[in-house]
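**Student:** Based on what follows, work out the 3D shape:
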Amino acid sequence: MAEACRIILNTTFLPSLHSLHKTHKKVSCSQPFLHKRHPAIQCSISTSSDTKAAAKVSETVPWGCDIDSLENAEALQKWLSDSGLPPQKMAIQKVEVGERGLVALKNIRKGEMLLFVPPSLVIAADSEWSCPEAGEVLKQYSVPDWPLLATYLISEASFEKSSRWSNYISALPRQPYSLLYWTRAELDTYLEASQIRERAIERITNVTGTYNDLRLRIFSKYPHLFPEEVFNMETFKWSFGILFSRLVRLPSMDGRVALVPWADMLNHSSEVETFLDYDKSSKGVVFTTDRPYQPGEQVFISYGRKSNGELLLSYGFVPREGTNPSDSVELSLSLKKSDKCYKEKLEALKKHGLSVSQCFPLQVTGWPLELMAYAYLAVSPPSMSRQFEEMAAAASNKTTTNKKITYPDIEEQALQFILDSCELSISKYTKFLQASGSMDLDVTSPKQLNRRLFLKQLAVDLCSSERRILFRAQYVKKKSLFLLQHDNSYLSVMHSMFIIINCWLVKAFISSLPWQVLNPVTNLFCHIRLVRSWLLC
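**Tutor:** Residues are numbered from 1 along each chain as shown. Alright, predicted model coming up:
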């Protein structure tokens, strides 16, 4: 399916640029090749609903290769070996899951340590630039790691063979499978039912804002180092797509983020739990297998416990429905503006970092305590205003005790509130899935048709898996409500059945009793019948 990327990403998103210095010394790049640039690349990121923009085919960067191509794989492997990568038990091959991947050449044991990529082959924030002056400028401006690495990738790619990373960059996909390449119209059409749509729009907006910030504060002041024909929105979309799908955070190196050539060819499987890290004893980036592999089998790692939506957002693929134990769907809950205590509740939420509309992750196995706490707050009457603060704190998971809070008097209303939200979301998913079969793709070229079919299938797979979780939550909430509403009736019926059975036993026993004890037993039986009648009333 998609060329899954391979690496665990534990960061939320881009940090904003630090306050920038007002004055900097003039610098010039000593590399004459810097001025030999590729033609300008037009930006195609769109956050508008313009249908013309939606129909436009995205331009690709002039470096890299097709996402399923092996044309540069041999050159990459040779360069890595010549640069210090030890002999490997795996090779890059075309695979069924992930387009390209690392396949076992020999028997690999469970618990075996693989890769051993040395630090000299790892791209990090302190990597040496082909144009040192450009790197020095970004350092002076205290540019954070993410935008710095995005700029570094573009700079090195523009140097082509003059960059030591040319063989690696040539093997990177020219257009990563990333939601950054979806137009606003495509997001609105295919992901309307899913909360991932909002996160995708937010991510595109953040990438665009980061580029504009860099262009305004740095690139425009040093056009000889950062010419617009190279450092533009299209190339930044590419570089951030690479980072989102390939950047790894190494716990044993104090959480340092890095690109790890060769290791980033490993694809994801929900059935494995092994991940990349730096091994201090071998002084290399490694992973330890948690299962054996035979020659010809694809070797996998885990990208972390991510939902199908998160995997689509960063890596551009959706696992088969029901195969991802970490899958979840975000359920949105909102305060009603007609609530008499709307202002007081909103104030309590804001105090704890929450908003009027809040999303909570649902899994097949359950949901967070914060979800129920928010529901309690949403349905609580004015008489419970003193508990608003406690509910909001519990909904934000910032309580010191982190214990489950319960309010029996409003539990039924809270469950109904969550159930209503579930059913509203289910109706949106069902509407999209029913319409997807006859959806007009509104394209004429075969290339665009294939693209739209691919995007639609991704959306169908995602929405099917998310609706499945909502169906489960709906069932559980309905069951909880039913038990809550019929609790007293159930007890009465159980008591009645118990008494009826006992009465039958007494009657059967009476016939064997002597007349001396018959009267007391008869009286007892009458009392039991009276109690039974009372319970059934």
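**Student:** Look up the closest residue to the residue sitting nearest the centre point of the chain, ignoring the ones flanking it.
**Tutor:** Centroid-nearest residue in the chain: Glu310, 1.9 Å away (criterion: Cα atoms, centre = their mean). Nearest residue to Glu310, sequence neighbours excluded (Cβ to Cβ, 6 or more residues apart in numbering): Ile196, at 8.0 Å. Where C-beta positions appear, they are placed from N, C-alpha and C, glycine not excepted.
**Student:** So that neighbour sits against Cys463, correct?
**Tutor:** No - look at Ile196 against Cys463 with Cβ atoms under 8 Å: they stay out of range, at 9.6 Å.
**Student:** what's the spacing between the lengthiest helix in the chain and its chain's center?
**Tutor:** Counting by DSSP state H, the longest helix found in the chain is helix 446-485. Centroid displacement of helix 446-485 relative to its chain, using Cα atoms, centre = their mean, to the nearest Å, is 15 Å.
**Student:** excluding its backbone neighbours, what's nearest Thr235?
**Tutor:** In this structure, Thr235 finds its nearest non-sequential neighbour in Ile154, 4.8 Å apart by Cβ to Cβ, 6+ apart.
**Student:** Send over whatever helix or strand the one you found lives in as CSV, restricted to the C-alpha atoms.
**Tutor:** According to DSSP states H and E, Ile154 maps onto helix 145-158. The C-alpha coordinates for helix 145-158 follow below in CSV (Å, rounded to 0.1, in the frame of the first residue of the first chain):
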residue,chain,number,x,y,z
ASP,A,145,15.1,21.1,15.2
TRP,A,146,12.1,20.4,13.0
PRO,A,147,12.2,23.4,10.7
LEU,A,148,16.0,23.3,10.8
LEU,A,149,16.0,19.7,9.6
ALA,A,150,13.4,20.5,6.9
THR,A,151,15.6,23.3,5.6
TYR,A,152,18.7,21.1,5.8
LEU,A,153,17.1,18.4,3.7
ILE,A,154,16.2,20.9,1.0
SER,A,155,19.6,22.5,1.1
GLU,A,156,21.4,19.2,0.7
ALA,A,157,19.1,18.0,-2.0
SER,A,158,19.8,21.1,-4.0
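**Student:** Now do that helix: distance to the chain's middle.
**Tutor:** In terms of Cα atoms, centre = their mean, the centre of helix 145-158 is found 24 Å from the chain centre.
**Student:** got it, and stretch 477-490?
**Tutor:** How far stretch 477-490 lies from its chain's middle: 35 Å, per Cα atoms, centre = their mean.
**Student:** picking that back up, buried residues in the longest helix of the chain?
**Tutor:** Across helix 446-485, burial judged by 16 or more other Cβ atoms under 10 Å covers 448, 451-452, 455-456, 458-467, 469-470, 472-474, 476-477, 481.
**Student:** cool, stretch 209-217 as well?
**Tutor:** Buried residues in stretch 209-217 (16+ other Cβ under 10 Å): 210-211, 213-215.
**Student:** likewise stretch 181-189?
**Tutor:** Within stretch 181-189, the residues scored as buried using 16+ other Cβ under 10 Å are 181-187, 189.
**Student:** can you check stretch 306-325 too?
**Tutor:** Buried, per 16+ other Cβ under 10 Å, within stretch 306-325: 306-319, 324.
**Student:** thinking again about what came up before, any idea which of the buried residues of stretch 181-189 is closest to Glu71?
**Tutor:** Tyr181 (21.7 Å; Cβ to Cβ).
**Student:** how near is the closest one to Arg174?
**Tutor:** Separation of Tyr181 from Arg174 (Cβ to Cβ, to the nearest Å) stands at 11 Å.
**Student:** on that earlier part again, just flag the most distant two among the buried residues of stretch 306-325.
**Tutor:** Maximum distance among those (Cβ to Cβ): 15.2 Å, for Gly316 and Asn324.
**Student:** what's the nearest residue to Leu354 if we skip its chain neighbours?
**Tutor:** Of all residues not flanking Leu354 in the chain, Ser396 sits nearest, at 5.4 Å (Cβ to Cβ, 6+ apart).
**Student:** With Gly98 instead?
**Tutor:** Once flanking residues are discounted, Gly98 sits nearest to Asn267: 3.6 Å by Cβ to Cβ, 6+ apart.
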